[in-house]
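Visitor: give me a model of this one.
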Amino acid sequence: MSVPQRYRLRNPSSGREVVLDAQPGQVYIDRESGEPMEVVGRLLPLPPSSSRLPWAVEHLRICPWCDQLAQKDLNDCPTCGRRMTPLGS
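Guide: Okay, the predicted model is just below:
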């Protein structure tokens with residue numbers, strides 16, 4: 001089973017944005033205005049990452065082994081593959 005890609009969609013007239021698991025070829029309609037939404041961008045991390053957190057400062061930490069950024073909800077570093085220390089220790 002593949003993990004769907006998360007996209008940021010925007011209503012062009014109002015500027016209202018939503019983040020959702022979008023499927024290619026689907027047209028998504030803004031429920032408030034009834035207008036079609038346009039794709040603004042894909043959210044990182046891209047599949048096949050096991051994390052569902054977007055790449056934002058509040059969701060990242062630094063791996064103590066390779067000094068690369070990793071999402072807080074991962075146990076193993078996606079860069080070096082080594083186990084990271086638990087949060088709060």
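
Visitor: dump the residue contacts of the residue nearest to R6 when sequence neighbours are not counted.
Guide: Counting by Cβ to Cβ, 6 or more residues apart in numbering, the nearest residue to R6 once its immediate chain neighbours are dropped is L43, at 4.3 Å. Every C-beta, even on glycine, is put in place using the N, C-alpha and C of the backbone. Shown in contact with L43 (Cβ atoms under 8 Å, 6 or more residues apart in numbering): Q5, R6, Y7, R8, V19, P54, W55.

Visitor: so E58 lies in a helix, does it not?
Guide: Yes: inclusion of E58 in a helix is indicated when DSSP: H, G, I helix; E, B strand; the rest coil is applied.

Visitor: around it, count how many other residues there are.
Guide: Neighbours of E58 under the rule other Cβ atoms under 10 Å: 7.

Visitor: ok, it to K72 distance?
Guide: Per Cβ to Cβ, to the nearest Å, E58 is found 9 Å from K72.

Visitor: shouldn't V39 be within a strand?
Guide: Yes: the assignment for V39 by three-state DSSP puts it in a strand.

Visitor: report how many residues lie close to the closest residue to it other than its chain neighbours.
Guide: Using Cβ to Cβ, 6+ apart and skipping the chain neighbours, the partner closest in space to V39 is Y7 (5.4 Å). Applying other Cβ under 10 Å, we find 18 residues neighbouring Y7.

Visitor: gap between Y7 and Q23?
Guide: To Q23, Y7 is 10 Å away according to Cβ to Cβ.

Visitor: N11 against R31, yeah?
Guide: No: N11 is beyond contact range of R31, at 10.0 Å (criterion: Cβ atoms under 8 Å).

Visitor: what separation is there between the spatially most central residue of the chain and D73?
Guide: Central residue of the chain (Cα atoms, centre = their mean): P54, 3.3 Å from the mean position. With distances taken as Cβ to Cβ, P54 is found 11 Å from D73.

Visitor: L53 touches Q71, doesn't it?
Guide: Yes: in terms of Cβ under 8 Å, L53 counts as a neighbour of Q71; the distance is 4.6 Å.
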